[in-house]
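Peer 1: Structure for this input, please:
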Amino acid sequence: MPPETEPAPGAAPATSSSSSSSTSPLAVAAPAVALDKRTGRTEERQRAARNRRAVVYVSRALLLVAVIALWEILARAKIIDPFNFSMPSKIWDQIRDWALHGTAQGSLWEQIWYTMYEALLGWVIGVVTGVVLGITLGRIRFLSDVLGPYIKVLNAIPRIVLAPVFLIWFGLGPASKVASAVVLVFFPVFFNAFQGAREVDRNLVANARILGASNRRVTFQVVIPSATSWIFTSLHVSFGFALIGAIVGEYIGATKGLGLLVSASQGTFNAAGVYAAMVILAVVALITEGLLTFAERRLFRWRPAEAGSER
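Peer 2: Predicted structure coming up:
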């Protein structure tokens, strides 16, 4: 048998060099291929999400156009009574007439601003009081036990019937409409803030206390941030309630506002005027909802997307 040759001192074994040279390209190429596949899947999901959004928007527009066209056709064919149900073309003419020539109560934009002022002021007051009381009662169980039954009783009262009471108390001015908006906004915000304060992770609170945080710091640095998503959920619904409160107050008695336009149009059997005011209210509510959604996304960019949001 031929004698075995020993490698020279300091020289690497031939087998190791050959194996490293043979596996090195594969080791470099495998992560790159996996990265390309992940990137391709991500782009495909994003493309599918964009396509789905486009289909949803187009479907919404087509549905709206179909409903308006059917309404117009049925009214012109006298299948439905155009006096009671009006028709989209007359509603558009009424909005254009109000925008160009104003209303009997003044400029259309003044009526919109008057209603928006009442709804916004009532919404802000209702949100602030609801959040403060909700967090406070959620943190202090004694206050919750004492005031809980009274809040439940007040919540059981139909808030709309309070509008005439506020009209007697505060008169025809904006104060009565703001009060109506406040009582409609307060309760959904309060209950969401209260539940959000109660649902805070107890481990977070315990860890904060271990680190020496006082009750005030726990409330402002742990409880309120944890309850923010609950509070924002109620804001979307509560502004619609604020508009309802302002409109109902104006409908019962006011000197300006969109609710007064509805009341005046109803008094003259002007169905187009009633629908025109409703369309203006819907546009205002949609714009406000879009602004709230934009603010929520900006504030909660850290929050992961909901499951199925990209389907």
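
Peer 1: mind showing which ranges of the stretch 101-250 of the chain have poor pLDDT?
Peer 2: 201, 203-221 (pLDDT under 70).

Peer 1: go again using 90 as the cut-off
Peer 2: Along the stretch 101-250 of the chain, segments meeting pLDDT under 90 span 101-112, 114, 131-132, 134-176, 188-189, 191-250.

Peer 1: what are the ranges of the strands in it?
Peer 2: In the stretch 101-250 of the chain, no strands are defined using DSSP state E, counting those that start in this stretch.

Peer 1: quick one: the helices in it?
Peer 2: Assigned by DSSP state H, counting those that start in this stretch, the helices in the stretch 101-250 of the chain fall at 108-139, 141-156, 162-170, 174-198, 202-210, 215-218, 224-252.

Peer 1: Only the buried residues of the second one, if you could.
Peer 2: Residues 144, 151 are the ones in helix 141-156 that count as buried (16 or more other CB atoms under 10 Å). Every residue, glycine included, has its C-beta placed from N, CA and C.

Peer 1: Run the angle between it and helix 174-198 for me.
Peer 2: Calculated by axes from the mean of the first three to the mean of the last three CA atoms, to 10 degrees, helix 141-156 forms an angle of 130 degrees with helix 174-198.

Peer 1: Packing partners of helix 141-156?
Peer 2: helix 108-139, helix 174-198 (3 or more CB pairs under 8 Å, 6 or more residues apart in numbering; DSSP states H and E).

Peer 1: got a markdown table for those, with distance to residue 74 and mean neighbour count too?
Peer 2: Output for the helices and strands packed on helix 141-156, formatted as a markdown table (distance: least, CB to CB, whole Å; neighbours: other CB atoms under 10 Å):
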| stretch | distance to residue 74 | mean neighbour count |
| --- | --- | --- |
| helix 108-139 | 28 | 21 |
| helix 174-198 | 35 | 24 |
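
Peer 1: Tabulate those in TSV, adding columns for distance to residue 55.
Peer 2: Formatted as TSV, the helices and strands packed on helix 141-156 follow (distance: least, CB to CB, whole Å):
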stretch	distance to residue 55
helix 108-139	33
helix 174-198	33
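
Peer 1: closest one to residue 270 among these?
Peer 2: Closest approach to residue 270 among the helices and strands packed on helix 141-156 (CB to CB): helix 108-139, 14.8 Å.

Peer 1: Tell me how many other residues crowd residue 100.
Peer 2: Neighbour count of residue 100, defined by other CB atoms under 10 Å: 8.

Peer 1: and the gap between it and residue 68?
Peer 2: 22 Å (CB to CB, to the nearest Å).

Peer 1: leaving aside the residues next to it on the chain, what's closest to the residue nearest the centre of the chain?
Peer 2: Of all residues in the chain, the one closest to the mean position by CA atoms, centre = their mean is residue 236, 3.6 Å from it. Excluding its sequence neighbours, the residue lying closest to residue 236 (CB to CB, 6 or more residues apart in numbering) is residue 292, at 5.8 Å.

Peer 1: Check whether residue 78 sits in a helix, strand or coil.
Peer 2: coil (DSSP: H, G, I helix; E, B strand; the rest coil).

Peer 1: Next, count neighbours for it.
Peer 2: So residue 78, with other CB under 10 Å, has 8 neighbours.

Peer 1: which residues touch it?
Peer 2: Counting by CB atoms under 8 Å, 6 or more residues apart in numbering, residue 78 makes contact with nothing.

Peer 1: which phi and psi does it have?
Peer 2: Backbone torsions of residue 78, given as degrees, to the nearest 10, read phi 60, psi 20.

Peer 1: Now do it against residue 88, distance only.
Peer 2: Residue 78 is 16 Å from residue 88, by CB to CB.

Peer 1: now residue 295
Peer 2: Residue 295 is 33 Å from residue 88, by CB to CB.

Peer 1: Noted, bye for now.
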